[in-house]
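Trainee: My questions concern the predicted model and sequence given below.
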Amino acid sequence: MDLKEKLVSSFLAFENNVDVDNPVHDIRTAAIKNFEAKGFPSKKEEAWKYTSLNSLQKIDFSIFPKMESNLEFKDVKKYFLNEIDTYKIVFVDGVYSSFLSETTHEGVDVCLMSSALNKPTYKAVIDVYFNKIACKDDSLTSLNTAFSKEGAYIYIPKNKIPKKPIEIIHFATGSEAAALLQPRNLIIAEENAELQIIERHQSLTTNEVLTNAVTEIYAAKNAIVDYYKIQNDAHSSSLIDNTYIDQKDASHVKVHTFSFGGKLTRNNLNFYQNGERIESTMKGVTIIEGKQLVDHHTLVHHIEPNCESHQDYKGIYDENATGVFNGKIIVEKLAQKTNAFQQNNNILVSDKASINTKPQLEIFADDVKCSHGCTIGQLDKDALFYLQSRGIPKKEARALLMYAFANNVLESVRIPELKTRINKIIANKLGVNLGFDL
Amino acid sequence: MLKINNLHARVEDKEILKGINLTVNAGEVHAIMGPNGSGKSTLASVIAGKEDFEVTEGEVILDEENLEDVSPEDRAHKGVFLSFQYPVEIPGVSVTNFMKTAINESRKAKGLEDMPAKDMLKLIREKSELLEIDRKFLSRSLNEGFSGGEKKRNEIFQMAMLEPKLAILDETDSGLDIDALRVVANGVNKLKTKDNAVIVITHYQRLLEYIVPDFIHVLHDGKIVKSGTKELALELEEKGYDWLKNEAVVK
């Protein structure tokens, strides 16, 4: 039985464990039908031309997580941002871990999707927001929606700012030979609300993991959302991240994606600007090697006038690694005075590494500023010689140049401890100790 | 200290150095002058070990050791320093952190522990004063957004920090106004001891009024066509390089 058949037939078993009378279940039922009709995307589709899911579909993934494994905090401590106090929503093999988490209901809701979907208190919010901005047509999003049950639920009411950043961490313990995880997150920032989120997926063994995540983010008028995705998972883990962001007037949403690990990583990052004076920022640093693949597909839909979008993605590819960047910007006829900028710079360290980069601009308004640029190059030999001539060995010199290349994205991380952490991950990844925190 | 014998070097198919002979002893200052394209910067890069250039004949000897197959970083550890004509910008790495890395890598190569932070700060303070460098400057990203003069001053600051045995200053005077030139030259002069040596590469005589060389060599078409003492610089200033070119052709 192939993975698609297995998933579709598992839906019946899934229904035994959820409340089928909940209106949410109608949404799930419609979603499984869409997934059944469409199946997994194939390379024949333009959006999946460079990223094949074929080999993943041959793996016999177990679809339902087992009971919570015993995970000691000391074993996973290093994956948390311990230097500062944070709220934590932690899942172990897809199951919420109250032991590792620190949630809150004081003025803001930082808790669980399962509660939000089932408890009457949240019904009004779920009715308005659940599966509204997520694409109902997309097969992988539908697959997640069909099995949506658990994930992070964050609700920040008007004028509220949580006391500390929120970490959402998914651990996979390898309790199954191969596990499919489908977290479903819903994040709502009401008018003038502000929040910072750090998201991480971490497998603790070399067993196969495939995560197909969907996150919906709603930023109301003047809301500010800073979202950091740290993708530094084991080389046996794959991630398909589907993030949908709905922005209203004068809201600012920034998403940083740091992709260093994993086998196959696909980021579908979609911004919809439903208001004026909106700012949307997407930044990313990708550093991969071996046979790793990281695919960034971004979409910014400029619907109303006087809005901005900024995209800046840097990629460094070594050995046989493959990168994909596809940046789509749509500027509707009404969206006059739009400023949309897109930049994608890449360094190929080896002859066998490759990057497929494609800007896609569809502009229907006539008074706009849109720019895009992509570069593909090698490490600058003169710069390397300069550093070596100061006594810095080649390996360290290369690392410094790569760091310098990615620097302007790193500079915009607004949590200093997180910036230090990411710098350390990069230094580890490049196998260097430069004697100072980058 | 440095002995260059019949050095030939090329980049791709183009031969640039065509038989250079040069001996530099400890305590000496040599100037290498010559028109554009004569091979001055190539010579500097070859001594520092740039891999783009292929040495086809001859040798570079530093303290009795043939530098063939010695990497640029190892040459630096052995005391070679090249002040670049066009220093590279490294965003996100401060001047201070860069120097820490450079110094500690050199120490590591010599089997020494990292320099204690206190000593490092003291050294940085001392050397930045020598070059009249502002504290704020040291926390800026290396060379990023530096003016031409700041870049050159920073090069000499690095030289002061690394205390090389053999310093090669490649067109350090270009892009400097007279005040900056004086500061830079003053720094170089103060760093000069009887145990180290300096090779000044320049197109103009101007810098040599401040850093007075013991010997001057004129490079033309990949060869040293004339050597002499500091008076040669004045002659060149007066007559230009053409008379030497003609002399070289007649030879």
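Mentor: Done, it's in. The structure displayed is predicted, hence computed values, not measured ones.
Trainee: near chain A, which residues of chain B show up?
Mentor: When proximity is defined as CB under 8 Å from any CB of the partner chain, chain B approaches chain A at B:45, B:48-52, B:71-73, B:75-77, B:80-82, B:84, B:86-93, B:97-98, B:100-106, B:109, B:114, B:141, B:158, B:162. The way it works is simple: take the backbone N, C-alpha and C, and place the C-beta from them, glycine included.
Trainee: And these, which of them are buried?
Mentor: B:45, B:48-50, B:72-73, B:75-77, B:80-82, B:84, B:87-93, B:97-98, B:100-106, B:141, B:158, B:162 (16 or more other CB atoms under 10 Å in any protein chain shown).
Trainee: Can you give me the distance of residue A:95 to residue A:214?
Mentor: Distance of residue A:95 to residue A:214, computed by CB to CB, to the nearest Å: 18 Å.
Trainee: Just give the nearest non-adjacent residue to residue A:402, would you?
Mentor: Leaving aside its chain neighbours, residue A:402 sits nearest to residue A:316 (5.2 Å; criterion: CB to CB, 6 or more residues apart in numbering or on different chains).
Trainee: ok, back up a step: more neighbours, residue A:95 and residue A:214?
Mentor: residue A:214 (27 against 16; other CB atoms under 10 Å in any protein chain shown).
Trainee: Hmm, residue A:185 and that one touching each other?
Mentor: Yes - shown here, residue A:214 and residue A:185 form a contact pair, counting by CB atoms under 8 Å, at 7.2 Å.
Trainee: who's the most centrally placed residue in chain B bridged to?
Mentor: Against the mean C-alpha coordinate of chain B, by CA atoms, centre = their mean, the closest residue is residue B:168 at 1.8 Å. Residue B:168 has these beta-bridge partners by DSSP bridges: residue B:82, residue B:199.
Trainee: residues in contact with residue A:170?
Mentor: A:90-91, A:94, A:181, A:183, A:200-202, A:211 (CB atoms under 8 Å, 6 or more residues apart in numbering or on different chains).
Trainee: Could you do residue A:383 as well?
Mentor: Residues counted as contacts of residue A:383 (CB under 8 Å, 6+ apart) are A:401, B:88, B:90.
Trainee: Could you check how many residues crowd around residue A:278?
Mentor: 26.
Trainee: who touches it in this structure?
Mentor: Contacts for residue A:278 (CB under 8 Å, 6+ apart) come out as A:247-252, A:304, A:307-308.
Trainee: any chance of those residues in a markdown table, with pLDDT, distance to chain B and neighbour count too?
Mentor: Formatted as a markdown table, those follow (pLDDT from 0 to 100; distance: CB to the nearest CB, whole Å; neighbours: other CB atoms under 10 Å in any protein chain shown):
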| residue | pLDDT | distance to chain B | neighbour count |
| --- | --- | --- | --- |
| A:247 | 98 | 30 | 28 |
| A:248 | 98 | 35 | 20 |
| A:249 | 98 | 35 | 19 |
| A:250 | 98 | 31 | 20 |
| A:251 | 98 | 29 | 28 |
| A:252 | 98 | 24 | 18 |
| A:304 | 97 | 35 | 19 |
| A:307 | 98 | 29 | 27 |
| A:308 | 98 | 24 | 19 |
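Trainee: which residues are in contact with the one helix or strand residue A:422 maps to?
Mentor: Assigned by DSSP states H and E, residue A:422 belongs to helix A:416-429. Under the criterion CB under 8 Å, 6+ apart, residues A:81, A:83-84, A:198, A:228, A:230, A:232, A:258, A:260, A:285, A:287, A:399, A:402-403, A:406, A:410, A:413, A:433-434, A:437-438 lie in contact with helix A:416-429.
Trainee: Just those residues: which are in strands?
Mentor: A:198, A:228, A:230, A:258, A:285, A:287 (DSSP state E).
Trainee: Looking at the residues of chain B next to chain A, which are in helices?
Mentor: Judged by DSSP state H, helices contain the following of the residues of chain B next to chain A: B:45, B:48, B:72-73, B:75-77, B:97-98, B:100-106, B:109, B:158, B:162.
Trainee: and stretch A:187-196, what's its mean pLDDT?
Mentor: Averaging pLDDT along stretch A:187-196 yields 98.
Trainee: Just checking stretch A:281-293 against chain B, any contact.
Mentor: No - residues of stretch A:281-293 contacting chain B under CB under 8 Å from any CB: none, with a closest distance of 11.8 Å.
Trainee: contacting residues around the residue of the stretch 101-250 of chain A found nearest chain B?
Mentor: At 18.0 Å from chain B, residue A:228 is the closest residue in the stretch 101-250 of chain A, using CB to the nearest CB. When contacts are counted by CB under 8 Å, 6+ apart, residue A:228 touches A:196-199, A:255-256, A:258, A:413, A:415, A:418.
Trainee: again with residue A:105
Mentor: residue A:111.
Trainee: circling back: reformat the contacts of residue A:278 into TSV and put distance to residue A:363 and secondary structure next to each item.
Mentor: Putting those into TSV (distance: CB to CB, whole Å; DSSP: H, G, I helix; E, B strand; the rest coil) gives the following:
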residue	distance to residue A:363	secondary structure
A:247	19	strand
A:248	23	coil
A:249	22	coil
A:250	23	coil
A:251	23	coil
A:252	23	strand
A:304	15	coil
A:307	13	coil
A:308	15	strand
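Trainee: that older thread, ok, and for the helix holding residue A:422, which residues are buried?
Mentor: By 16+ other CB under 10 Å, the buried positions in helix A:416-429 come out as A:418-419, A:421-423, A:425-427, A:429.
Trainee: Closest to chain B out of the residues you listed?
Mentor: Chain B lies nearest to residue A:423 out of the buried residues of helix A:416-429, by CB to the nearest CB, at 9.1 Å.
Trainee: what about the strands in the stretch 51-200 of chain B?
Mentor: Secondary structure of the stretch 51-200 of chain B (DSSP state E, counting those that start in this stretch): strands at B:54-62, B:65-66, B:80-83, B:90-94, B:141-142, B:166-170, B:197-201.
Trainee: Quick one: name the residues of the stretch 251-400 of chain A near chain B.
Mentor: So the stretch 251-400 of chain A meets chain B at A:380-383, A:385-394, A:396-397, A:400 (CB under 8 Å from any CB).
Trainee: Now, of the residues you listed, which are buried?
Mentor: The neighbour count (16+ other CB under 10 Å) marks A:383, A:385-393, A:396-397, A:400 as buried among these.
Trainee: Tell me the residue of chain A that sits nearest chain B?
Mentor: Nearest residue of chain A to chain B (CB to the nearest CB) works out as residue A:407 at 3.2 Å.
Trainee: What is the burial count for residue 22?
Mentor: By default, I'm working from chain A. 14.
Trainee: Hmm, no, I was thinking of chain B.
Mentor: Neighbours around residue B:22, by other CB under 10 Å: 20.
Trainee: For it, give the beta-bridge partners.
Mentor: As for beta bridges, residue B:22 partners with residue B:4 under DSSP bridges.
Trainee: does it really touch residue B:30, like I thought?
Mentor: Yes - Residue B:22 is within contact range of residue B:30, at 7.5 Å (criterion: CB under 8 Å).
Trainee: Now do the shared contacts for those two.
Mentor: Here residue B:22 and residue B:30 have residue B:217 as joint contacts, going by CB under 8 Å, 6+ apart.
Trainee: Show the end-to-end separation of stretch B:137-149, please.
Mentor: 13 Å (CA to CA, to the nearest Å).
Trainee: Assign a three-state SS to the residue nearest to residue A:290 when sequence neighbours are not counted, would you?
Mentor: The shortest distance from residue A:290 to any non-neighbouring residue, by CB to CB, 6+ apart, is to residue A:319 (5.4 Å). Three-state assignment for residue A:319 (DSSP: H, G, I helix; E, B strand; the rest coil): coil.
Trainee: Alpha carbons of stretch B:42-58, in PDB - could you do that?
Mentor: Taking C-alpha atoms only, stretch B:42-58 is exported to PDB below (Å, rounded to 0.1, in the frame of the first residue of the first chain):
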ATOM      1  CA  THR B  42      52.300  40.200  -8.300                       C
ATOM      2  CA  LEU B  43      55.700  40.000  -6.600                       C
ATOM      3  CA  ALA B  44      54.000  40.900  -3.300                       C
ATOM      4  CA  SER B  45      51.300  38.300  -3.700                       C
ATOM      5  CA  VAL B  46      53.800  35.600  -4.700                       C
ATOM      6  CA  ILE B  47      55.900  36.300  -1.600                       C
ATOM      7  CA  ALA B  48      52.700  36.000   0.500                       C
ATOM      8  CA  GLY B  49      51.700  32.800  -1.200                       C
ATOM      9  CA  LYS B  50      48.700  33.600  -3.300                       C
ATOM     10  CA  GLU B  51      47.700  30.400  -5.100                       C
ATOM     11  CA  ASP B  52      46.500  32.100  -8.300                       C
ATOM     12  CA  PHE B  53      50.100  32.600  -9.300                       C
ATOM     13  CA  GLU B  54      52.100  29.700 -10.500                       C
ATOM     14  CA  VAL B  55      55.800  29.800  -9.800                       C
ATOM     15  CA  THR B  56      57.400  28.300 -12.900                       C
ATOM     16  CA  GLU B  57      61.000  28.800 -12.000                       C
ATOM     17  CA  GLY B  58      63.200  30.100  -9.200                       C
END
